[in-house]
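Chemist: coordinates for the following, if possible.
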Amino acid sequence: NIRLRKLIQFKYKTQYDLLPAKVIGYSPIDIVTGVLLSSEDIRDVVKNSAVMTSDGLVGKVVKLSGNYAICQILLDPNNRVSVRVQRNRELGMIAWDGGKGLILEYIPNTVEIRPGDVLYTSGFSQIYPPNIKVGTVLRAEVNTEQLFQRISIKPSVNFNRLEEVYILKSEQSE
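Modeler: The predicted structure is shown next:
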């Protein structure tokens with residue numbers, strides 16, 4: 001009940017046109033790390049629509065078929081998202097770290113990144129609108145032998161507990 005109430009409040013707080021969908025399984029396609037979504041109104045969705053929850057960004061729709069869609073989650077090795085650090089407005093790119101987390105790439109050693117810094121989508125994308133929470137910095141390691149820091153990120157979404165999501169309706173679908 002608490003989880004559903006949080007989702008409903010999120011839909012009314014956001015300015016985006018969102019379509020609710022239920023997570024019904026894992027992606028049946030081997031080359032996509034993702035989840036299978038179901039919704040009666042899935043025909044209002046186009047490929048590359050952003051998928052999110054009240055906690056933050058989940059991924060994007062990569063395939064549509066009938067009343068189902070496959071969502072490529074952020075933990076897919078081929079998924080990249082442009083993000084902005086909330087505190088200092090620095091731009092970077094999010095990628096899968098090979099485990100259960102993410103890494104923030106392309107942040108120079110000269111930029112201060114602290115544990116607890118929050119990351120949001122940058123808006124420099126045709127897929128992801130700005131200001132969707134992506135994750136929080138766990139640690140930043142400066143290596144003087146390299147140009148960029150190694151920054152570990154905890155995703156804002158718990159991908160093991162996904163049950164309901166929102167799909168961003170595109171202007172193309174209207």
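
Chemist: contacts, neighbours, all on C-alpha from now
Modeler: Noted.

Chemist: list the contacts of residue 67.
Modeler: Listed by CA atoms under 8 Å, 6 or more residues apart in numbering, the contact set of residue 67 reads 38-43.

Chemist: redo that, cut-off 6 Å
Modeler: 38-39, 42 (CA atoms under 6 Å, 6 or more residues apart in numbering).

Chemist: mind checking which of these are in strands?
Modeler: Using DSSP state E, residue 38 are the members of the contacts of residue 67 that sit in strands.

Chemist: residue 16: which of the contacts of residue 67 is nearest?
Modeler: Nearest to residue 16 out of those is residue 42 (CA to CA; 16.4 Å).

Chemist: okay, the contacts of residue 67 in TSV with pLDDT and distance to residue 167 next?
Modeler: As requested, the contacts of residue 67 are exported to TSV (pLDDT from 0 to 100; distance: CA to CA, whole Å):
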residue	pLDDT	distance to residue 167
38	93	11
39	91	10
42	88	9
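
Chemist: now the contacts of residue 67 in TSV, with distance to residue 89?
Modeler: Converted to TSV, the contacts of residue 67 look like this (distance: CA to CA, whole Å):
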residue	distance to residue 89
38	36
39	36
42	35
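
Chemist: from the contacts of residue 67, pick the one nearest residue 95.
Modeler: Lowest distance from residue 95 to the contacts of residue 67 (CA to CA) belongs to residue 38, with 26.1 Å.
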